[in-house]
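Peer 1: how does the following fold in three dimensions:
(3 chains)
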Amino acid sequence: MSYTLFILLLPLISFLLIGVVDLDIPKTGKVWSHKVAGLIGTASLGIVTILSYMTAYQYFFCTPRLADGTLPTLVPYNATWLPLGDLHFDLGILLDPISVMMLIVISTVSLMVHIYSFGYMHGERGFQRYYAYLSLFTMSMLGLVLATNIFQMYLFWELVGVSSYLLIGFYYTTGPAIAASKKAFIVTRFADMFFLVGILIFGYYTQSFNFSFAGTVEYADGAAHFIACNPETALIKNAAMTVLPLSLVLMFIGGAGKSAMFPLHIWLPDAMEGPTPVSALIHAATMVVAGVFQIARMFPIWIEYAPQTLSVVVWVGAFTAFYAAAVACAQSDIKRVLAFSTISQIAFMMVALGVCLPGHGEHLNHSSLGYMASMFHLFTHAMFKACLFLGAGCIIHAVHSNEMAMMGGLRKYMPVTHWTFLISCLAIAGIPFFSGFSSKDEIITACFEYSPWCGAWMTMVAAMTAFYMFRLYYGIFWGTENKEAHAHHTPHEAPWTMTLPLIVLSVITVGTGVFTTLGGFLDWKWASFGSIVSASGIPYTVHFDPTIAGVSTVIAICSILLATWIFKGEKQPVADKMYAAAPRLHRWAYKRFYMDEVYQFITHRIIFARVSTPIAWFDRHIIDGFFDFLAWGTHKTSHLIKGFQNGSVQTYAFWFLLGAILLFLIMLF
Amino acid sequence: MISIDFILLVSTLMMFAGVYGFLTRKSTLAILLSIELMLNAANINFAVFNNLLFPQGHEGVFFAIFAIAIAAAESAIAIAIMINIYRQLHNISVDKLTKMKW
Amino acid sequence: MNAQDIMFVILAVFIVCSAFATVISRSIVRAATYLLFVLLGTAGLYFLMGYTFLGSVQTMVYAGGVIVLYVFSILLTSGQQEELRTTNLKKTVAGLVIALVGFGVFASVLFMYGFAPIDFAASSFLASPDESVISMDTIGTHMLSTDKDGYLLPFEAVSVLLLACIVAGIVIARKR
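Peer 2: Presented below is the predicted three-dimensional model:
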């Protein structure tokens, strides 16, 4: 599996090549850097995709399973990068079920986005820069999922943050893009600070940065020897036992920042200022699930040492899911609807991870069903949400606006986009035979096992999901056609470079959906996601609980019907009446419950005005004042004593004699 | 009975008369005169100490002779410089000679 | 009180008065003249102590050479009578204070030390002139001797210095 190194190297090389080399041939006047940059980026990504699929095939089907049926954890590369005594920072490649699964997700979506961008970014200024950033992002994201230890993960974690920042601010000549990129960077950096603190605490107490203490053969020597080697010292053990949950929660805060969990979600809706394919790749499919991935990565430690602490994840996730769904119901900008839907869906994954309970062997697979469900939802969500975003990109490309008011009735003009969008909407709504159903159903099942309240709550959020997605769908493709806007510019279907990715992604969505739905009901082992990813690693065959599956399907269909009733028609009397009935609620939801204003208030009125200003005053007047005083004192003193150096020999003689006499007196007495 | 104190007192008076002159005079030539006074006071001391404390030695005398020689040389050079300055600036007042000060 | 004492008192008063006059006198020519008196008085002191050679050198070099040089240069540089008295009160006070304080300190040291009073008659002043007076013979011998008490090296150094002075004097003061 040594070729896995190229999965990381190729995007890096293409980033350097596209980013540093001027691809235009000078003096010919022909600008062909567009095509060349795109081709280089896409070609390298294509190779990376092929390598990823090869890796996946070899890993899942050709690697012999361990005795208990778990897939082994492979480490093709591991190099000590920074040795610090016992502790060392390593760089390497780690292959285990979730990292290989993430490889597939990232390379597939990234390749689709690369192809799509040919059409979407056609003729944009900075095309070459765009592809360079895409390569950088892909490299960082792949590095993140392939990391062998938390520290390497953190390195690439920051790199994806940087590339996200660069890509959100791609249209750096426009104010909102700059503001959005800065906001995204600052918010995620703020959260990453906790991540780093968590990592350092973790490393300090466990003397390792590894993901798992039990681990594999390669990791046997790097086990948590702080706990293992000092079992007799109860105090230390207790300290380590309280410190581990603390460090895990700190890392979770970092993950919550990246994954836009409430209250650190505020950057994600604004991040939609970036190009739409970027939103599809980074802010829907891959980077924002880094937080979920991080918890999944640390899952052995969570479940072993801090199972109670996982309820923090549940609470945060459950609230975020509801909050984001509620906001999504009222947004009018299609990308923002999708952004909030992303937040809500990631919260689903978080909740699924949070509801896991400790167990051993086969038992763990049942008690920690959420782990499998979360990873599965991550996979399916990446596909259909990327498809939705790319579809939204096609629509924006066609009508040159993000506002739903400018759309309506587009199904006639854009059949491919329409159908793929519909498929993805059905998937996210949780209709059987679409991929979202299988994963979401598992999540809800896990939630019900955790607590009925949690299950009911998540079912309600799932219903809201179906509702707002179909509100969006009808708002775009049905409803009143904005004849005024379409009069001088008839919307048209996007070029093939843009529709091809849509088709591919929706085929994946439907295919996964059909197989897993049938497999879930008919207990097909080979069509179960649990056969490759499960909490304990032992293959697990997903079996749908017909009650829960049936209920959630009925609820999803009901909310779709409700949305159809309200939003499908040319006139929307029900919707208007609802707005009239609760104008304040609508406005609050539209304004995202004033979370941004709350932040504004906290940062500007409290932190800036009450904390920073006095500190700035202190700095300016006391610290600077002290140095000013030194300079002033020196200046004044030199003014005083410069009279000694007036060049008059008689004055010199006077002082010399005075000094001589004084010295004489001192020596005398 | 003349004590050695009195001779030394004379030379000390002469010395500090020279100091006073050095500090207060305006003309550089007058300052040079004051320097001569001080040198002379030192010479007296050489001679007196030699004579009254070590009558058999001659170190003091030789010192005085050399001091006289050097003082003469010094005043010759100083006067040459003064004359040169006077030629250039038409002034030898010590507080006016600022041309080479900085 | 013998003749030497009387002679010394006269010389001392003469020297001190002339020294004061040198630094107080308004006319620089007069100041130079008073300096001449001081130097001659000093030469008298040397004679009184029996250093006849030193006294002669003092008279010849100082009184005869240096002072003449000064007078020449004074006449060359100050076309009209220069006002010597300083108008700067601060400077005067500073000079006076330093001079008085310095004198006070030195004089107090002198008297605190308590040199044994020496009888002029008993001392080398007069007791046996032949023994105490250093003859020119001795001086010449020592001056050119390389023995323990020889001064050949400083002698040569001074001669080189004087040569340098002659050259420098010509170079500096010559008309360009």
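Peer 1: just give me how far the longest helix seen in chain B sits from the chain centre.
Peer 2: Using DSSP state H to define each element, chain B has its longest helix at helix B:59-89. Distance of helix B:59-89 from the chain centroid (CA atoms, centre = their mean, to the nearest Å) equals 9 Å.
Peer 1: say whether chain A is contacted by it.
Peer 2: No - Helix B:59-89 does not reach chain A (CB under 8 Å from any CB of the partner chain); its nearest approach is 12.5 Å. C-beta coordinates here come from the backbone N, C-alpha and C atoms, glycine included.
Peer 1: report the buried residues of that helix.
Peer 2: Residues of helix B:59-89 classed as buried by neighbour count (16 or more other CB atoms under 10 Å in any protein chain shown): B:60-66, B:68-86.
Peer 1: what is it packed up against?
Peer 2: If contacts are counted by 3 or more CB pairs under 8 Å, 6 or more residues apart in numbering or on different chains; DSSP states H and E, helix B:59-89 sits against helix B:28-53, helix C:52-57, helix C:67-77, helix C:136-143, helix C:152-173.
Peer 1: recalculate using a threshold of 7 Å.
Peer 2: Helices and strands touching helix B:59-89, by 3 or more CB pairs under 7 Å, 6 or more residues apart in numbering or on different chains; DSSP states H and E, are helix B:28-53, helix C:52-57, helix C:67-77, helix C:152-173.
Peer 1: ramachandran angles for residue A:410?
Peer 2: Dihedral pair for residue A:410: phi -80, psi -10, per degrees, to the nearest 10.
Peer 1: roughly how far does it sit from residue C:97?
Peer 2: To residue C:97, residue A:410 is 104 Å away according to CB to CB, to the nearest Å.
Peer 1: burial count for the residue lying closest to residue A:539 once chain neighbours are set aside?
Peer 2: Excluding its sequence neighbours, the residue lying closest to residue A:539 (CB to CB, 6 or more residues apart in numbering or on different chains) is residue A:531, at 4.5 Å. Residue A:531 has 21 neighbours, counted by other CB atoms under 10 Å in any protein chain shown.
Peer 1: tell me the contacts of residue A:531?
Peer 2: By CB atoms under 7 Å, 6 or more residues apart in numbering or on different chains, the contact list for residue A:531 reads A:525, A:539, A:541.
Peer 1: got it, and residue A:566?
Peer 2: Residues near residue A:566 by CB under 7 Å, 6+ apart: A:572, A:574-575.
Peer 1: tell me which element residue 40 is part of?
Peer 2: Using chain A. Under the criterion of DSSP states H and E, residue A:40 resides in helix A:33-57.
Peer 1: sorry, should have said chain C
Peer 2: Applying DSSP H and E as the criterion places residue C:40 in helix C:28-49.
Peer 1: sorry, back to before: may I have the phi/psi pair for the residue nearest to residue A:539?
Peer 2: Main-chain dihedrals, residue A:531, degrees, to the nearest 10: phi -70, psi -20.
Peer 1: per-residue pLDDT, it?
Peer 2: With respect to pLDDT, residue A:531 scores 77.
Peer 1: just to revisit the earlier point, so the longest helix of chain B versus helix C:28-49, what angle?
Peer 2: With axes from the mean of the first three to the mean of the last three CA atoms, to 10 degrees applied, the angle from helix B:59-89 to helix C:28-49 works out at 170 degrees.
Peer 1: in chain C, where is pLDDT below threshold?
Peer 2: Chain C contains residues with pLDDT under 70 at C:1, C:79-87, C:116-133, C:176.
Peer 1: next one: chain A
Peer 2: A:23-34, A:212-240, A:361, A:482-489.
Peer 1: could you pull up the residues touching the residue nearest to the spatial centre of chain B?
Peer 2: Residue closest to the mean C-alpha point of chain B, counted by CA atoms, centre = their mean, is residue B:36 at 2.5 Å. By CB under 7 Å, 6+ apart, residue B:36 lies in contact with B:71, B:75, C:35.
Peer 1: distance of it relative to residue A:202?
Peer 2: Residue B:36 is 88 Å from residue A:202, where distance means CB to CB.
Peer 1: quick revisit: what comes into contact with whatever helix or strand comes next after the helix holding residue A:40?
Peer 2: Using DSSP H and E, the helix or strand that follows helix A:33-57 in sequence is strand A:74-84. For strand A:74-84, the external contacting residues (CB under 7 Å, 6+ apart) are A:1-2, A:4-5, A:88-95, A:148, A:218.
Peer 1: whichever helix or strand comes after strand A:74-84: which residues count as buried?
Peer 2: Downstream of strand A:74-84, the next assigned helix or strand under DSSP H and E is strand A:87-95. Buried residues in strand A:87-95, counted by 16+ other CB under 10 Å: A:88-95.
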